[in-house]
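[1] A predicted structure for the sequence below; I have some questions about it.
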Amino acid sequence: QELALHIKVNLSKNELEMAIIKSGKVVIVTAGRHAGKKAVVVKTFDNDSSTSDKRFSHCLVAGIDRHPRKVVRAMSKAKVEKRSKMKPFIKYINIRHIFPTRYVVDMDLKKTVDESDLASDDRKIETKKALKKIFEERYLNQKAVTSEKKAVGSNYFFQKLRF
């Protein structure tokens, strides 16, 4: 009975995490190569989904591996463009290895990041290039965000995490 109770507690905790982690949520990766980096959830997968080969709850995230550098008003447009470059990453991550934040971003990455593209290295590189273009475009045009809440999330997403 004690074991059954323990399993129920774990399931409810897992369901709670899946309820919080939705598409567009800004998360911080806490484990692996990209630990300490910010990412946006593209799609979530529950552990009982038969479509995936992974036996745990996970999500597809797209994040920033190398953040844009600081820009000041005195810099020329060319220098601002150069310092606004960033390097994206795409990865499947266990939900226990990400930390959800309160911020949400309104970038629609589902159209750009397709699951079938991640199987091939060439298509993954093309997807990263498309992500880079989307991220840099949004970074340079942050004032065009419609909602104030999503503007704050976008601003938070593009800042480097200081720790």
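    Sure, I can see it. Residues are numbered from 1 along each chain as shown.

[2] which non-adjacent residue is nearest residue 118?
    Using CB to CB, 6 or more residues apart in numbering and skipping the chain neighbours, the partner closest in space to residue 118 is residue 124 (5.5 Å). To be clear about C-beta, it is placed using only N, CA and C from the backbone, and glycine gets the same treatment.

[3] same deal with residue 97?
    In this structure, residue 97 finds its nearest non-sequential neighbour in residue 31, 4.0 Å apart by CB to CB, 6+ apart.

[4] pLDDT value on the one you found, please?
    The model reports residue 31 with a pLDDT of 93.

[5] before we move on, what about residue 66?
    93.

[6] for it, which non-adjacent residue is spatially closest?
    That would be residue 87: by CB to CB, 6+ apart, it lies 3.9 Å from residue 66.

[7] number of nearby residues for the residue nearest to residue 118?
    14 (other CB atoms under 10 Å).

[8] if I pick it, what's in contact with it?
    90, 117, 118 (CB atoms under 8 Å, 6 or more residues apart in numbering).

[9] number of nearby residues for the first one?
    Using other CB under 10 Å, residue 90 has 19 other residues around it.

[10] now do the residue nearest to residue 97 against residue 151, distance only.
    30 Å (CB to CB, to the nearest Å).
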